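In: Following is a predicted model, sequence given first.
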Amino acid sequence: MSQPLDTLWYTRCPVPTGLGIAVQKGWLEETLSRQGTRIESLRESNEQAVRESHFDHTLQNSVRHGGNIPAIWARASGRDTRVIGLSWADEVQLILTTPESGIKTVKDLKGRSFGLPHWTSAQIDFTRAQALRGLENALKLEGLEVKDVELVDYIYGGTFSDDKPQVLNGVSNFSGTRRRGHNAELVGLLRGEVDAIFLKGAHAVQLAHQFGLHTVIDTGSHPEPLIRSNNGTPRTLSVDQHLLDNHFDVAQQILASVVRAEEWAWAHPEDTRRFLAHETNSSEFWVTAAYGADAHHRLRTNLDDRSVRAVQDFTDFLARWHFIPGSFSVSDWIDPRPLEALRSSVATLAG
Amino acid sequence: MSKTLDTLWYTHSPVPTGLGIAVESGRLAEAFRPYGTRIQGLRESSDREVREAHFDHHLHNSVRHGGNIPAIWARASGKETRVLGLSWSDEVQLIVTTPESGVKSIRDLRDRRFGIPKWANVQIDFGRAQALRSLENALRLEGLNVSDVELVDYPYGGTHSDEPIRHVFGAQVALNSGNKRRRNNELIGLLRGDIDAIFVKGAHAVQMADEFGLHVVIDTGSHPDPIIRSNIGTPRTLTVDQHLLDEHYEAAVLIVETVLRAEQWAWAHPEETRRFLARELNTSEYWVAAAYGEDANQRLVTRLEERSVQALEDLTDFMQRHRFIEQSFDVRSWLDPRPLDAVLGKHKVAV
């Protein structure tokens, strides 16, 4: 490498990611420290602008593994980022209603009201985008469109990076206390103001159980990958172009750490489940309900065609709904070289 | 042992208990294996009558470590049980309200509506008793009585023993339980604005307060006066039936010894204990630390301390005053300190 990299910034979403495991196991730090590179968590920074880079990816020499919506938005907004891997861990994506609403199936949603979050100050409102995606995909299955339901906005102030994560016993709750957002759509649903809402992941199954909600559909378990594709399916592993240009081997080592973490997960279901419970701040029971008993097998970073097509489809969706100014070519966004290099070095070792 | 004990029935509430750790870690089974005694979880039985013994303690040769309210009720109803130990793990006990209610302090609760569960078909409605206890204790601090607030009943059908319990990824989960019965109707009522305040406790309480931005009026679980903190879980009772003591005294001693050893293990293993508690409570390790303290593992201590005995007396009077039991009884003659004395004398466990 031209000159050694001083600091690599990393960030990941509170969801199952290989990067999350690589960081918690200390493997990323260990690999990079050999050449004098330290790693620093940008979400734990004291500076809001640094924390916000989890969403807008403005920071040089940074890597992010997480929901694709902020990554797509950052790219569409002109950030010079590249995707070096995609991981597809299916998770529950629920459209929920109350038993009292009388809604049983997707068809019943026609003419009914649907509560959507609306973060007015966030650069990219991924919560709204993912809810709309789940809704549109569900309706599509019955020949319906989003305009067939009445959308009701639940306004949130503030941004997603206002607070640092809280840490108790070395366990982080990821995004600080919820001083800003308090499940307004869910409260609206319970109050009977709206007929249905979208929730996903471990919290969705827990809250659905807690309040005895009826699941209209879980788009996350539909056989068609494009119906399942959303913010987390697939997740993007992205770095900035500067890192690739000046520290290509660091990019390669990141990927190697991620793949190592995933391979470790496949062999350690128990430990992985505990790790996922930590990451999502949920119980091992709810993690399993949301991510499957085979959650550890679902951690796989690659550049499969299926994932690439899903990101393209989702990018078009985000453009159509004006979450981004315009669509772009996802294939051009991908830099397959680190993955190819990793594979050929593994092949060399094996040979 | 003098006579062979075929089966020892055990049960522990999904809360921090030494017996819970002894059972789930396999220590209890291991301790009894040399005597040919098999241990069996009564809440996992396919027989509803057996499961109900978690609450009414009617089974011979059974041990229970858990909330004191069912234990007090069983004793008051004439079941021949004895308390071998008391463990006091302070936990949060919250009276919560919504920011919209305008209720800020305990005084503000005057003439407001307080939602309280009412299980119509159960032998002992511990959910109602614990909520009333915390409310009464909170009000007392400001010279108020329960009659100064308006109680709003939230009725529940069914019982707590309708379904066998299974451990699924650590969590005690009722099989085939319809969501309806399990949903938290008081919390829904509070979020809907139908009532002004409710009681919630433990890890679940802190999580729900955070999820919905609830205002904590008071945490009676952190008050300096132990009598104000005393409730269903403070202290928890370790009880066996008189028959076991009469016919299999050595088994009773072995139970106490195993519980104390499990607790000693916990003191030295904060990480593993926290994971165990998170699995048992079906929550995250973060919420365990928030509800039971970062020193949760140190709080697992089963003894017969004077403070705990006094609290148990006070709780027994409370239950009689509110007609959860027909009449109070002498708590001190309910205790059987012999097994604990035997164990502490034998092993010089640090007191």
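Out: It's in.
In: In a helix, A:Ala74, correct?
Out: Yes. Using DSSP: H, G, I helix; E, B strand; the rest coil, the assignment for A:Ala74 is a helix.
In: gap between it and A:Arg51?
Out: If you measure A:Ala74 against A:Arg51 using Cβ to Cβ, to the nearest Å, the figure is 15 Å. (C-beta placed from N, C-alpha, C; glycine too.)
In: and what of A:Arg133?
Out: Plainly put, A:Arg133 is 25 Å away from A:Arg51 if you go by Cβ to Cβ.
In: do A:Ala22 as well
Out: 21 Å.
In: Give me the more crowded residue out of these two.
Out: Relative neighbour count places A:Ala22 above the other of A:Ala22 and A:Arg51, with 28 against 24, counting by other Cβ atoms under 10 Å in any protein chain shown.
In: Please look at that one and A:Gln253 and confirm they touch.
Out: No. When contacts are counted by Cβ atoms under 8 Å, A:Ala22 is not listed as touching A:Gln253 (10.2 Å).
In: overlap in contacts of those two?
Out: When contacts are counted by Cβ atoms under 8 Å, 6 or more residues apart in numbering or on different chains, the set common to A:Ala22 and A:Gln253 is empty.
In: Please give the element, helix or strand, for A:Leu86.
Out: Element membership for A:Leu86, per DSSP states H and E: strand A:81-87.
In: From A:Ile217, how far out is the closest residue to A:Ala131 other than its chain neighbours?
Out: Among residues not flanking A:Ala131 along the chain, A:Phe198 sits closest, at 3.7 Å (Cβ to Cβ, 6 or more residues apart in numbering or on different chains). Distance of A:Phe198 to A:Ile217, given as Cβ to Cβ: 10 Å.
In: cool, and B:Pro337?
Out: Distance, B:Pro337 to A:Ile217, using Cβ to Cβ: 59 Å.
In: out of the two, which sits in the busier spot?
Out: Each of B:Pro337 and A:Ile217 had its neighbours counted (other Cβ under 10 Å), and the higher figure belongs to A:Ile217 (22 against 15).
In: quick one: that one is in a helix?
Out: No. Assignment of A:Ile217 by three-state DSSP gives strand, placing it outside any helix.
In: Look up how far A:Val50 lies from it.
Out: Taken as Cβ to Cβ, the span from A:Ile217 to A:Val50 is 39 Å.
In: what about the longest helix along chain B, distance to the chain center?
Out: In chain B, taking DSSP state H as the definition, the longest helix is helix B:249-268. Centroid displacement of helix B:249-268 relative to its chain, using Cα atoms, centre = their mean, to the nearest Å, is 19 Å.
In: From the structure, what's the count of residues near B:His248?
Out: 23.
In: likewise B:His65?
Out: By the measure other Cβ under 10 Å, the count of residues near B:His65 is 28.
In: Was I right to think it contacts B:Leu19?
Out: Yes. B:His65 is within contact range of B:Leu19, at 3.5 Å (criterion: Cβ under 8 Å).
In: and for those two, which residues touch both?
Out: B:12, B:238, B:259.
In: what bridges to the second one?
Out: In other words, B:Leu238. With DSSP bridges as the criterion, the beta-bridge partners of B:Leu238 are B:His65, B:Gly85.
In: Ok, the first one next?
Out: Partner residues in beta bridges with B:His12, using DSSP bridges, are B:His65.
In: for it, what are its contacts?
Out: Taking Cβ under 8 Å, 6+ apart, one finds B:19-20, B:23, B:64-66 in contact with B:His12.
In: Closest one of those to A:Leu303?
Out: Distance from A:Leu303 was checked for each of the contacts of B:His12 by Cβ to Cβ. The minimum falls on B:Gly20, at 46.4 Å.
In: Remind me which helix or strand the closest one belongs to.
Out: Counting by DSSP H and E, the element that carries B:Gly20 is helix B:18-24.
In: which strands and helices sit next to that helix?
Out: In this structure, helix B:18-24 packs against strand B:7-12, helix B:27-32, strand B:62-66, helix B:249-268, helix B:270-281, with contacts taken as 3 or more Cβ pairs under 8 Å, 6 or more residues apart in numbering or on different chains; DSSP states H and E.
In: Just say which of those is most tucked in.
Out: strand B:62-66 (a mean of 27; mean count of other Cβ atoms under 10 Å in any protein chain shown).
In: next SSE after that one?
Out: Towards the C-terminus, the helix or strand next in line after strand B:62-66, according to DSSP H and E, is helix B:68-76.
In: one step back: could you measure from the residue nearest to A:Ala131 over to B:Trp119?
Out: Shown here: A:Phe198 relative to B:Trp119, a distance of 33 Å by Cβ to Cβ.
In: if you count what's nearby, which of these two comes out ahead?
Out: A side-by-side neighbour count of A:Phe198 and B:Trp119, using other Cβ under 10 Å, places A:Phe198 first with 26 against 19.
In: Specify the local secondary structure of the more buried one.
Out: State at A:Phe198, reduced to three classes by three-state DSSP: strand.
In: closest point of the stretch 101-250 of chain A to chain B, which residue?
Out: Here the stretch 101-250 of chain A gets closest to chain B at one residue, A:Gly212, 3.3 Å apart by Cβ to the nearest Cβ.
In: That residue against B:Leu187, yeah?
Out: No. Because the distance of 11.1 Å does not satisfy Cβ under 8 Å, A:Gly212 is recorded as not touching B:Leu187.
In: Which one's more surrounded, the two?
Out: Per other Cβ under 10 Å, whichever of A:Gly212 and B:Leu187 has more neighbours is B:Leu187, with 24 against 17.
In: Show me the strands in the stretch 1-150 of chain A, by range?
Out: For the stretch 1-150 of chain A, the strands identified by DSSP state E, counting those that start in this stretch occupy A:7-12, A:38-41, A:62-66, A:81-87, A:93-97, A:113-119, A:150-156, in order along the chain.
In: Return the backbone torsion pair for the residue of the stretch 101-250 of chain A closest to chain B.
Out: phi 60, psi 40 (degrees, to the nearest 10).
In: ok, the helix or strand containing A:Gly188 near chain B or not?
Out: Under the criterion of DSSP H and E, A:Gly188 resides in helix A:184-190. Yes. Counting by Cβ under 8 Å from any Cβ of the partner chain, contacts between helix A:184-190 and chain B involve A:187, A:190.
In: can I get the strands of the stretch 1-150 of chain A in a markdown table with mean neighbour count and mean pLDDT?
Out: As requested, the strands of the stretch 1-150 of chain A are arranged in a markdown table below (neighbours: other Cβ atoms under 10 Å in any protein chain shown; pLDDT from 0 to 100):
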| stretch | mean neighbour count | mean pLDDT |
| --- | --- | --- |
| strand A:7-12 | 22 | 91 |
| strand A:38-41 | 16 | 92 |
| strand A:62-66 | 26 | 94 |
| strand A:81-87 | 25 | 97 |
| strand A:93-97 | 25 | 98 |
| strand A:113-119 | 20 | 96 |
| strand A:150-156 | 16 | 95 |
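In: Nearest approach to B:Ser161 belongs to which of these?
Out: Go through these one by one with Cβ to Cβ and the one that ends up closest to B:Ser161 is strand A:93-97, at 28.9 Å.
In: rewinding a little: among the helices and strands packed on helix B:18-24, which comes closest to A:Arg298?
Out: Of all the helices and strands packed on helix B:18-24, the one in closest proximity to A:Arg298, counting by Cβ to Cβ, is helix B:270-281 (21.1 Å).
In: what angle separates the following helix or strand past the closest one from helix B:270-281?
Out: Sequence-wise, the next helix or strand downstream of helix B:270-281 (DSSP H and E) is helix B:285-292. Here the directions of helix B:285-292 and helix B:270-281 differ by 90 degrees (axes from the mean of the first three to the mean of the last three Cα atoms, to 10 degrees).
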